[in-house]
Structure formats: structure tokens, C-alpha cells
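J.: With the sequence up front, the predicted model follows.
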Number of protein chains: 2
Amino acid sequence: MQQLRSYFSKLIKLTDQEWADYADCLVKERFPKKSFLLEEGGSCDFIAFVTEGIFRFYHEVEGEEKITAFFFSGDFVTNYRSFLTGGPSEHYIQVLQDATIYKISKKDLHDLYDKHRSIERLGRLIAENLYLMVAKRLDAFHSSSPEERYYELVNRNSKLLQEIPQYMIASYLGIKPETLSRIRARK
Amino acid sequence: MQQLRSYFSKLIKLTDQEWADYADCLVKERFPKKSFLLEEGGSCDFIAFVTEGIFRFYHEVEGEEKITAFFFSGDFVTNYRSFLTGGPSEHYIQVLQDATIYKISKKDLHDLYDKHRSIERLGRLIAENLYLMVAKRLDAFHSSSPEERYYELVNRNSKLLQEIPQYMIASYLGIKPETLSRIRARK
DNA sequence: TAATTTCGTTGACCAAAGTCAATAAATGAT
DNA sequence: ATCATTTATTGACTTTGGTCAACGAAATTA
């Protein structure tokens, strides 16, 4: 949980009171491998901070699983779209490695937004950061080949490569497992 | 400028005073076709609201222009990444149709964030909305074929199709002009 | 440990998008 | 209105990634 406070402190300085109020809203939960944190159809009414484990965020398109993101220790795990819009999730969040998370509900977070300016600001800063992450990834899809996307991933997140099966990485990159296998075989 | 206030009112209720303070920071500017609102290398220290005209947001990759976005009347025009990070822009923002915008500087906006809670919240809501837009687009790149992306665009933004030359739409879709021409010829 | 399923690689072939070039149509400039 | 430039289309060919199938390696389970 100290992990979360230190994450926040990179964005904004919270007083002890503000942090205490935030921490009061956090609920610790454990999830075993293969279980689901969120299933299709349900609306995502929480944001959670991962302190242990790995998740994948995916949806099904014509019987095929398309993985949009992985979440590791130190990330927020949520269907942010569903969280923001309140609409039903078309995505699943599944546990790949036994996980521990600290959840905060949408309602509690909005109450904190009202109660503390700094937390409202924190909400903005987090939204801005999530924007930056997804914008960067869109850029990679728009401007790079699968091979380039793969090597960019190798350079920036080699941890991911070791933890995640290759066919899921292929899905994340938007290509077929056979193609990723061939990219790796080249040169 | 009433256009902007009505845009805001869909997100949050501002008092007359808050709006007045916001409006005081806005600077009207006109840009002729083909001019640049932002060039590569400069950092983007503003967000602007478009009341007239069209812009394209693009960068150069190996001598080729990749268009990431178009901005129309009623949109915000900015390099949001550069605006948030303060880093230099790798992108250009060029005017496609004579334009009028209302700029607010990063400094003024941050002062307003400090001064009015509602405007801080507005900043969060805008960041959240921009996230939703780019996340949706990433999804399209990840899960859809060029043909599907094209027809999705036809359905949801036929205005764009009439205003923008086809080779720019191709770039926006991540394909070559010849390919878009062939997609249109199919069926 | 043995049996079974899942995962990664490879080959032959297919489909889709890219490249290069020619030409036609549309747009802009004089 | 004419000329020049830019944009859109089409054709022939290449490149890249997808499909389907086979096989072996690795991991899971009994």
C-alpha cells in the first residue's frame, strides 16, 4: 500500500489526512490465476492498484481474443472506459498470475474528489497519464510495422516478454502467433 | 465563444464568475489555410477551441506524412501530449481550411485550476474524454481491417469525408491512397 | 512418471496491402 | 479559359502477414 502512496507522490503531494481518507476506501482483494476480475457485460465500477500478479485485458472479436493491455504490479487495473462512461464492459480482465489488488469504488472515489481538491487533481493527473499511454500505443500502431512494434516492446518491457506467453504477446501486437514466431526467427 | 461555454456545460455547471475568468484568458486568433499552428520541435503551451476551420495533426516518418487527427469546429486543437509533458512536439498542426480559434495558455489554465475547483474538475473531465477518444481509435486499429475502419468512418463522420482529400483520409486510416481507392471501388 | 493438452515453430499456399508506373480527373494559378 | 499541378484511379507485380496443417517441445495434470 506504501507502493501506491509512492506512486501518488510522483504526481502530487498529499497530506497525511488526504492519504488516510484515500486509504480508508481501499479494499484488499486476492485473485487466483485464471479467475476474472471483470467479465463481459458487467460495468466496471472500480479502479484497483496492483501490488502483486499479472492481468490481461481483452475482448473477443469473431471468436478470437484480442488483448489490449497487460497490468503488472504497480499499475492500475480497470476497464477505464467502462469506469468513466458507466457503460457495460465489452472486455474481460483475467488473472494470469495470482494477484493482490487494492480496489477503490467509483462512488468512494467521487466522494473523495468532492472532499479533497488534491485528490480531484490527482484524478486529473491520472487521466492525463492514461491518455499519454494509450496515445503512444496508438501512434505505434499507426506508424510502425509489427516487427518494429515487437522490438520496441523488447527494448522497453523485456519483463513482459518473460512473463507472458508468446501467443498473447502476438495478440497484444495485433498479429498472429505464427507471424510473431517468424519475426523472431528473422536475422 | 458561446459555442465553447455550451461545450463545457455538457461536462459541468460553471458559475458566471468561473466562466468569466475562463473567458478572460481566451485569445482569439485567425489562421489562413496552409499555415501552421504548431511546428515540429516547438513545445505546445496552449489548448485552443476551434470555432471555424479545419486542422490536421501529423508527423513525418521516413519522409512520409502520418496523419493522426483532424480538428473541426467544436473540437479542441492542441498537441495534448506535448501540452501535458512540456516536451517538444514531433507533430505539426496545419490549417486545411481558414480557421478561427480561442487559445488558452498552459499557464493561465493552471492558474484557473488553482483558482476554481470546477475548472480543475473540468480539466479532469476533458482529459477523460480525450482518453476515451484515443482508446476507441486504438481499438479500431487493433481489431479492425482497413476496410472496416473506413466504413466505420463513413458511418460516423461523413462530414469529414467531404471536407478532406482522400489521400489524407488514407493516411489517417493508416493505409496508402491506392489502397483506399481500391477499397472504395470494391462492391 | 506417463499421458495429455497447450504452445511454439516451420512449410506450403493464399489474401491483402504496398510499390511503381501510367493515365485521367479535378483543382488552382495565371 | 488555359495551363500546370495536384489528386484519384487502375494495372502489373512484390512484399507481408494470414491460413491451414504437421510436428516437436514444454507445461500441466493424472
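T.: Here it is on my side, so go on. What you see is a predicted model; the values in this text were computed from it and never measured.

J.: near DNA strand D, which residues of chain A?
T.: A:S145, A:P146, A:E147, A:G174, A:I175, A:K176, A:E178, A:T179, A:I183 (Cβ under 7 Å from any atom of the strand). Yep, even glycine has a C-beta here, placed from its N, CA and C like the rest.

J.: what sits against A:F49?
T.: A:Q3, A:L4, A:Y7, A:L26, A:D75, A:F76, A:V77, A:I101, A:Y102 (Cβ atoms under 8 Å, 6 or more residues apart in numbering or on different chains).

J.: Next: A:L138.
T.: Contacts of A:L138 (Cβ under 8 Å, 6+ apart): B:T68, B:V134, B:R137, B:L138, B:F141.

J.: Nearest spatial neighbour of the third one, chain-adjacent residues omitted?
T.: Computed as Cβ to Cβ, 6 or more residues apart in numbering or on different chains, the closest residue to B:R137 that is not its neighbour in sequence is A:L138, at 5.8 Å.

J.: Quick check: pLDDT value at the one you found.
T.: Listed pLDDT for A:L138 reads 97.

J.: ok but it is inside a strand, no?
T.: No - with DSSP: H, G, I helix; E, B strand; the rest coil as the criterion, A:L138 is helix rather than part of a strand.

J.: re earlier: make CSV out of the contacts of A:F49 and add distance to B:H116 and secondary structure.
T.: Formatted as CSV, the contacts of A:F49 follow (distance: Cβ to Cβ, whole Å; DSSP: H, G, I helix; E, B strand; the rest coil):
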residue, distance to B:H116, secondary structure
A:Q3, 33, helix
A:L4, 28, helix
A:Y7, 27, helix
A:L26, 29, coil
A:D75, 32, coil
A:F76, 27, strand
A:V77, 32, strand
A:I101, 34, strand
A:Y102, 31, strand
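
J.: Of the residues you listed, keep whichever come out buried.
T.: Buried subset of those (neighbour count, 16 or more other Cβ atoms under 10 Å in any protein chain shown): A:L4, A:L26, A:D75, A:F76, A:V77, A:I101, A:Y102.

J.: Farthest-apart pair in these, please.
T.: Using Cβ to Cβ, the two most remote members of the buried ones among the contacts of A:F49 are A:L26 and A:D75, lying 15.5 Å apart.

J.: And the strands in chain A, which stretches?
T.: Per DSSP state E, chain A carries strands over the ranges A:27-31, A:36-38, A:46-61, A:64-71, A:76-77, A:92-105.

J.: hey, which of the ones you listed is tucked in deepest?
T.: strand A:76-77 (a mean of 22; mean count of other Cβ atoms under 10 Å in any protein chain shown).

J.: Touching that one from outside, list them.
T.: Contacts of strand A:76-77 (Cβ under 8 Å, 6+ apart): A:L37, A:I47, A:A48, A:F49, A:V50, A:F55, A:F57, A:F71, A:I93, A:I101, A:I126, A:L130.

J.: would you turn those residues into a markdown table with pLDDT and distance to B:K33?
T.: Shown next, in a markdown table, are the contacts of strand A:76-77 (pLDDT from 0 to 100; distance: Cβ to Cβ, whole Å):
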| residue | pLDDT | distance to B:K33 |
| --- | --- | --- |
| A:L37 | 96 | 50 |
| A:I47 | 98 | 44 |
| A:A48 | 98 | 48 |
| A:F49 | 98 | 48 |
| A:V50 | 97 | 49 |
| A:F55 | 97 | 48 |
| A:F57 | 97 | 42 |
| A:F71 | 97 | 45 |
| A:I93 | 97 | 47 |
| A:I101 | 97 | 52 |
| A:I126 | 97 | 38 |
| A:L130 | 98 | 35 |
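
J.: need these in a markdown table with distance to B:W19, can you?
T.: As requested, the contacts of strand A:76-77 are arranged in a markdown table below (distance: Cβ to Cβ, whole Å):
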| residue | distance to B:W19 |
| --- | --- |
| A:L37 | 41 |
| A:I47 | 31 |
| A:A48 | 36 |
| A:F49 | 36 |
| A:V50 | 40 |
| A:F55 | 42 |
| A:F57 | 38 |
| A:F71 | 39 |
| A:I93 | 40 |
| A:I101 | 40 |
| A:I126 | 26 |
| A:L130 | 28 |
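
J.: Which single residue of chain A approaches DNA strand D most closely?
T.: A:T179 (3.1 Å; Cβ to the nearest atom of the strand).

J.: just checking, what packs against the helix or strand of chain A with the lowest mean pLDDT?
T.: Among the helices and strands of chain A, helix A:158-163 carries the lowest confidence by mean pLDDT, DSSP states H and E, at a mean of 90. If you count contacts as 3 or more Cβ pairs under 8 Å, 6 or more residues apart in numbering or on different chains; DSSP states H and E, helix A:158-163 packs onto helix A:146-156.

J.: what about the helix it packs on, distance to the chain center?
T.: 19 Å (Cα atoms, centre = their mean, to the nearest Å).
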